[in-house]
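Student: Prediction below, plus the sequence it came from.
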Amino acid sequence: MPESFFILSKDYLELATDEIIAIAKMYDRFAKAKVISNLVIIQSKTNWKEIAKRATFVKISGQILRKMSGLFLDEGNIGVLKNAKTFVCRIVNLSSNQFNVPELESSMGDMISKFSHAKVNLENPDVTVYLIFTNNENFFGFSKRDKVAIRPKKSKKYPHELDWKLTRLMINLIGLKKGETVCDPFCGTGTTLLEAESMGIHAIGLDFDEKMCEIAKANLKENGYHSEVLKSEFQELTKISEKFDGIVTDLPYGTSSKASEKPQEILKKFFSILPKRKRVAIMYKKELDVNSKINGLKKYHIYRHKSLTRTILIK
């Protein structure tokens, strides 16, 4: 079974790790994962590019060619360079050992040059060859140059709007597939709708504020997207539940919210009307947990500043 590697940002590492595993299992329920610090090894029939292009906090990714007991390269290991014109070598040291990385990368490049006609290109190579060191195992792998994904644009923004990275992550954590539909009952400027459509997921947004609905529609139009935006209270969920597969939202709070009710009351009502058998990812102020006694499959806490910690609940 092919193995892929993903080097994750250490920001929100638990979230990032769970996201990669959730995406891998969404594509292949038999996928297996091994976690070594911020390195995740996925054993799956799914190509690493399919997983990486959906993920949020991946810094480096590629395919593993072999595990290594030491630094050893031969012609059989670099067949990936057969049709490549340019390459570069990169060392990723996740071990407690110290290496002279530039010297080691140069040595790898010299060895590979003996078996390949490809030339070193430090800026934009066809293939990047990786040697990943951990305390117990070393891995030899590669990635090929790919097109950079185009991020959705916003023609209009608003203070305190939902962070696109955490939005995308929440969509991935509940395993929504291409062609399925997500609903955001507090859609605001449409961040959830934009991220969903960028992944081939349909979206429905609700918001009781007409101004927010118009901003969301403008942002969708800016990208040529076609998500549905409804001026409605969140209770409309109960009437349209057959139209979506999951819910991803950020509960309005504090001065950024125009809701007449307190966030605690909104949260209680929201959970009381959630349609059954729907996947849910909701973000809210951590302090609301005490009063609402919310239970879910998993909770993550995100520290923003001394007076604000956000909770992501996956249910």
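Tutor: Nice, thanks for sending it over.
Student: can I see the domain layout of the chain?
Tutor: By the record's domain assignment, the chain is partitioned as 3-144, 164-314 (automatic domain parsing).
Student: The ones you listed into TSV, with extra columns for mean neighbour count, distance to Ser155 and mean pLDDT?
Tutor: C-beta: built from backbone N, CA, C; applies to glycine. As requested, the domains of the chain are exported to TSV (neighbours: other CB atoms under 10 Å; distance: least, CB to CB, whole Å; pLDDT from 0 to 100):
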stretch	mean neighbour count	distance to Ser155	mean pLDDT
domain 3-144	17	23	89
domain 164-314	18	4	89
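Student: how about these, which one is nearest Arg151?
Tutor: domain 164-314 (7.6 Å; CB to CB).
Student: Spell out, range by range, the helices that occur in the stretch 101-250 of the chain.
Tutor: 101-115, 164-173, 191-198, 210-222, 237-240 (DSSP state H, counting those that start in this stretch).
Student: Looking at the ones you listed, which is nearest to Thr46?
Tutor: Using CB to CB, the helices of the stretch 101-250 of the chain put helix 164-173 closest to Thr46, at 13.8 Å.
Student: roughly how far out does that closest one sit from the chain middle?
Tutor: Offset of helix 164-173 from its chain centre (CA atoms, centre = their mean, to the nearest Å): 6 Å.
Student: Show me the contact partners of that helix.
Tutor: Helix 164-173 is touched from outside by 12, 15-16, 18-19, 22-23, 26, 54-57, 151-152, 182, 191-192, 194-196, 199, 201, 246, 248, 250, 281, 283, 302, 312, 314, with contacts defined as CB atoms under 8 Å, 6 or more residues apart in numbering.
Student: Quick check: closest non-adjacent residue to Ser198.
Tutor: Excluding the flanking residues, the one nearest Ser198 by CB to CB, 6 or more residues apart in numbering is Pro152, at 5.1 Å.
Student: How many residues are close by the one you found?
Tutor: Residues lying near Pro152 (other CB atoms under 10 Å) number 19.
Student: where does it land on pLDDT?
Tutor: Note for Pro152: predicted pLDDT of 96.
Student: Please report how far it lies from Gly224.
Tutor: 10 Å (CB to CB, to the nearest Å).
Student: Relative to Lys231, how far out is Lys211?
Tutor: Lys211 is 10 Å from Lys231, where distance means CB to CB.
Student: If you could redo that for Glu222, that was the one I meant.
Tutor: In this structure, Glu222 and Lys231 are 20 Å apart, going by CB to CB.
Student: any idea where the strands of the stretch 201-315 of the chain begin and end?
Tutor: Taking DSSP state E, counting those that start in this stretch, the strands of the stretch 201-315 of the chain run over residues 202-207, 228-231, 246-250, 279-285, 298-305, 308-314.
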